[in-house]
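> Provided below for reference: sequence and predicted model.
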Amino acid sequence: MKLRALEITDLPFVHELNNEYSIMSYWFEEPYESLTELQYLFDKHLLDESERRFIVEDEDSIVGIVELVEINYIHRNCEIQIIIKPEFSSKGYAKFAFEKATSYAFDILNMHKLYLYVDTDNEKAIHIYKSQGFKIEGLLIEQFYTNGKYKDAYIMALLKSEYIL
């Protein structure tokens, strides 16, 4: 397993993930993004210092993506997001990607705090995040609209001082 920077050649994989409704509903994002739009966004954000995107690979298979977004160098915090393709779930890829991206955020970018939003019904993800040291900081009532209804979300976070190497 390894993490590497997102390349333009990875966009068809990201496009496939972004067009899977069941995946994007967990990200509280609208599905059905065109490949042309994705390529435009890739070019637009290529030199953007407020985000880092990584591909999760195992040998020659791309299994997921992990992102550090909304990177704020003044307050030294950022949001972490992850998608593991469903057929690769429960194989340790999410844990691996989280460990590597967390290490990158704290040790390379010198972030003070990582945070994320998670659907309160997504027990599997909450378990993974807690196993990585993330704590629930708050409950956001009807924060996101997905699948025809408003959903509650937890905001979870991990401070660098609580990060265990």
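Happy to help now that I have it. Numbering: from 1, shown residues only.

> nearest spatial neighbour of the residue nearest in space to the middle of the chain, chain-adjacent residues omitted?
Centroid-nearest residue in the chain, with CA atoms, centre = their mean: residue 81, separated by 1.3 Å. The shortest distance from residue 81 to any non-neighbouring residue, by CB to CB, 6 or more residues apart in numbering, is to residue 67 (4.6 Å). Placement of C-beta: from N, CA and C, glycine included.

> now residue 140: closest residue in space, sequence neighbours ignored.
Leaving out its chain neighbours, the residue that sits closest to residue 140 by CB to CB, 6+ apart is residue 153, at 4.7 Å.

> which strands or helices does the helix or strand containing residue 54 pack on?
Using DSSP states H and E, residue 54 falls within strand 52-58. Counting contacts by 3 or more CB pairs under 8 Å, 6 or more residues apart in numbering; DSSP states H and E, strand 52-58 is packed against strand 2-5, strand 61-72, helix 93-103.

> how far does the last one sit from its chain's centre?
Taking the mean of its C-alpha atoms, helix 93-103 sits 10 Å from the chain's own mean (CA atoms, centre = their mean, to the nearest Å).

> give me the mean pLDDT for that helix.
In this model, helix 93-103 carries a mean pLDDT of 92.

> name the residues that touch that helix?
1, 3, 54, 56, 58, 63-64, 66-68, 80, 82, 84, 114, 128-129, 131-132, 158, 163, 165 (CB atoms under 8 Å, 6 or more residues apart in numbering).

> kindly recompute the last result at 10 Å.
Residues from elsewhere that reach helix 93-103 (CB atoms under 10 Å, 6 or more residues apart in numbering): 1-3, 52-58, 63-68, 78, 80-85, 88, 111, 114, 116, 124-125, 128-129, 131-134, 158, 160, 163-165.
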